[in-house]
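Enquirer: Following is a predicted model, sequence given first.
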Amino acid sequence: MSKGLGSAVHLAQLLISESVRSGGTVVDATAGNGNDTLFLARLVGSEGNVYAIDIQEMALQKTRALLEGAGVAGRVTFLHASHEEMDKLVPGPVDAILFNLGYLPGGDHSLVTRAGTTIRALQSALKLLRPGGRVGLVIYTGHPGGREEYDHVEGLASALDGSLYRVIKIHFLNRAAHAPVVIVIEKAGVFDESQEAAQNH
Ligand SMILES: C[S@@+](CC[C@H](N)C(=O)[O-])C[C@H]1O[C@@H](n2cnc3c(N)ncnc32)[C@H](O)[C@@H]1O
């Protein structure tokens with residue numbers, strides 16, 4: 001059944017799914033309560049690998065419990081680290097990387113993603129990505145620092161070379177100004193028929 005267009009997280013998951021192969025490797029850059037990790041673990045299948053990263057041990061414990069409950073923890077590596085380190089911690093190339101920014105719902109709001117580390121993490125993610133792979137970001141602007149983080153991510157994404165990356169942004173046109181925004185970045189493939197067409201428009 002369709003989940004509709006109302007959830008930014010769902011839209012980001014949908015958009016990165018197409019680049020994820022069964023048995024592939026993906027990264028959840030902000031594990032949090034584990035919902036995105038669970039989605040990714042099911043997506044890669046029993047032969048796949050998910051790297052779930054969070055700076056909070058408590059978030060990783062919650063994620064592990066959720067994944068164990070679903071019987072898919074065996075395909076997940078839990079990394080207690082900052083996501084800017086991902087290109088050193090995760091063996092690449094990877095099919096997709098998902099960032100669900102902000103703070104852990106129900107957790108300590110001071111342990112929030114921040115513009116500086118998010119930008120370095122995004123640069124790290126782009127290094128890890130395979131040709132044809134995608135990075136999805138769900139960005140929240142309603143909390144302190146959120147707007148600054150969004151501006152930095154949008155700035156970096158907008159400045160990427162259009163012959164090497166395709167970048168889209170989804171924002172809700174008829175919701176509050178601080179509604180979440182989705183940005184998806186696709187690394188161009190080695191052989192990519194749509195590239196020439198895209199450049200002509
Ligand atoms: C919005 S929550 C993620 C929600 C999660 N994906 C889920 O499905 O429940 C954001 C998470 O990012 C984590 N975080 C903040 N800064 C981080 C960093 N530098 N590296 C990795 N994780 C970070 C927070 O601890 C928090 O758990």
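Expert: Received it, and whenever you're ready, just let me know what you need. Residues are numbered from 1 along each chain as shown.

Enquirer: wait, V44 sits on S19?
Expert: No. Here V44 does not reach S19: they are 11.6 Å apart, not a contact under CB atoms under 8 Å. All C-beta atoms are positioned from the backbone trio N, CA, C, and that covers glycine.

Enquirer: between those two, what contacts are shared?
Expert: Shared contacts of V44 and S19 (CB atoms under 8 Å, 6 or more residues apart in numbering): D95.

Enquirer: what stretches of the protein score poorly on pLDDT?
Expert: 1, 190-201 (pLDDT under 70).

Enquirer: Could you pull out the strands in it for me?
Expert: Along the chain, counting by DSSP state E, strands occupy 25-28, 49-54, 76-80, 94-100, 129-139, 165-171, 181-187.

Enquirer: Tell me which of those lies nearest to G146.
Expert: Minimum separation from G146 across the strands of the chain (CB to CB) falls at strand 129-139, 7.5 Å.

Enquirer: That closest one: which residues count as buried?
Expert: With burial defined by 16 or more other CB atoms under 10 Å, the residues of strand 129-139 counted as buried are L129, R130, G132, G133, R134, V135, G136, L137, V138, I139.

Enquirer: re the thing from before, quick one: the strands of the chain as TSV, columns for distance to the ligand too.
Expert: Below are the strands of the chain laid out as TSV (distance: least, CB to the nearest ligand atom, whole Å):
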stretch	distance to the ligand
strand 25-28	6
strand 49-54	4
strand 76-80	9
strand 94-100	4
strand 129-139	8
strand 165-171	17
strand 181-187	14
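
Enquirer: and stretch 12-26, how far from the chain's centre?
Expert: In terms of CA atoms, centre = their mean, to the nearest Å, the centre of stretch 12-26 is set 10 Å apart from its chain centre.

Enquirer: Any idea how many residues pack against the nearest residue to T77 once chain neighbours are set aside?
Expert: Once flanking residues are discounted, T77 sits nearest to Y51: 5.0 Å by CB to CB, 6 or more residues apart in numbering. By other CB atoms under 10 Å, the residues close to Y51 number 25.

Enquirer: Could you measure from the residue found closest to E149 once you drop the neighbours it is linked to in the chain over to the ligand?
Expert: Spatially, and ignoring its direct neighbours in sequence, E149 is nearest to A115 (4.4 Å; CB to CB, 6+ apart). From A115 across to the ligand, the span is 11 Å (CB to the nearest ligand atom, to the nearest Å).

Enquirer: who's in contact with A115?
Expert: G145, E148, E149, D151, H152, V153.

Enquirer: Around the ligand, which positions in the protein sit nearby?
Expert: When proximity is defined by CB under 6 Å from any ligand atom, the chain lies next to the ligand at 30-36, 53-56, 59, 82-83, 100, 102-104, 111, 113, 117.
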